[in-house]
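**Student:** Curious how this folds, go ahead:
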Amino acid sequence: MQRVMIIGQPGSGKSTLARKLGAHTGLPVIHIDKEVHWKPGWIERPSAEKSALCAEIHARPQWIFEGGHSRTWPERLARADTLIWLDLPLRLRLWRVFYRTCRDYGRSRADLPENCPERFDPDFWRWIWNTRHTGKESAARLFQSAPSNKTKHHLTSRRAVQRFLTSLTG
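**Tutor:** Numbering: from 1, shown residues only. All right, here's what the predicted structure looks like:
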């Protein structure tokens, strides 16, 4: 395990899993929201800039790369040796987003740039709702298209995620 790609919709636990995997493996963890998607102050980078940053990260010898910018998923998957799809129920994901917003309200989380304080953002909540089917379909297509030489994990519950992490520690 040298290059791990973690995908999933908001609240699925991508950042948490990436941190835990990074602690276990010693691999560098890349949070797309922190290093690619956002600049400080909730300023979104232009798409071309995001793609260029992703390409630079993909070229590195080791990484745990969690998150979206799905237009670069094929290149990321080509470099990854492991693909993890966190496919948790919408109800749980919504709860997690609500909980982390309350817990970290007014502060920037570790997986976001500085000056990106957690907030209740109606547009983000609408986006979670509006992409609940299309986001899952995109992840499913990527997962199914992954070549047989990739190690794949489709995790659909908190228990499955815990079993996966336990399997690493043996």
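**Student:** for the spatially most central residue of the chain, phi and psi?
**Tutor:** Centroid-nearest residue in the chain: residue 67, 2.8 Å away (criterion: C-alpha atoms, centre = their mean). Backbone geometry at residue 67, expressed as degrees, to the nearest 10, gives phi 130, psi -170.
**Student:** Which residues are in contact with it?
**Tutor:** Residue 67 makes contacts with 6-7, 14, 30-33, 36-37, as judged by C-beta atoms under 8 Å, 6 or more residues apart in numbering. Where C-beta positions appear, they are placed from N, C-alpha and C, glycine not excepted.
**Student:** Just those: which are in strands?
**Tutor:** Judged by DSSP state E, strands contain the following of the contacts of residue 67: 6-7, 30-31.
**Student:** ok, and the most crowded of those?
**Tutor:** residue 6 (26 neighbours; other C-beta atoms under 10 Å).
**Student:** Could you find the closest non-adjacent residue to that one?
**Tutor:** Leaving out its chain neighbours, the residue that sits closest to residue 6 by C-beta to C-beta, 6 or more residues apart in numbering is residue 66, at 4.0 Å.
**Student:** Correct me if wrong: that neighbour contacts residue 12.
**Tutor:** No: between residue 66 and residue 12 there is no contact under C-beta atoms under 8 Å: 9.7 Å.
**Student:** partners of the residue nearest to residue 6 in the sheet?
**Tutor:** Beta-bridge partners recorded for residue 66 (DSSP bridges): residue 6, residue 31.
**Student:** so how far is residue 36 from it?
**Tutor:** According to C-beta to C-beta, to the nearest Å, residue 66 stands 11 Å off from residue 36.
**Student:** Need the overlap of contacts for these two.
**Tutor:** Residues touching both residue 66 and residue 36 by C-beta under 8 Å, 6+ apart: residue 30.
**Student:** SS state for residue 162?
**Tutor:** Following DSSP: H, G, I helix; E, B strand; the rest coil, we place residue 162 in the helix state.
**Student:** What's the separation between it and residue 60?
**Tutor:** Counting by C-beta to C-beta, the gap from residue 162 to residue 60 is 29 Å.
**Student:** can you list the weak-confidence ranges in the chain?
**Tutor:** Applying pLDDT under 70 to the chain flags residues 170.
**Student:** and if we set it to 50?
**Tutor:** For the chain, applying pLDDT under 50 flags no range at all.
**Student:** Strands of that one, residue ranges please.
**Tutor:** Under DSSP E, the chain gives strands at 3-8, 29-31, 38-39, 43-44, 63-66, 82-86, 151-155.
**Student:** In a markdown table, list these along with distance to residue 96.
**Tutor:** Below are the strands of the chain laid out as a markdown table (distance: least, C-beta to C-beta, whole Å):
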| stretch | distance to residue 96 |
| --- | --- |
| strand 3-8 | 11 |
| strand 29-31 | 16 |
| strand 38-39 | 19 |
| strand 43-44 | 22 |
| strand 63-66 | 15 |
| strand 82-86 | 11 |
| strand 151-155 | 14 |
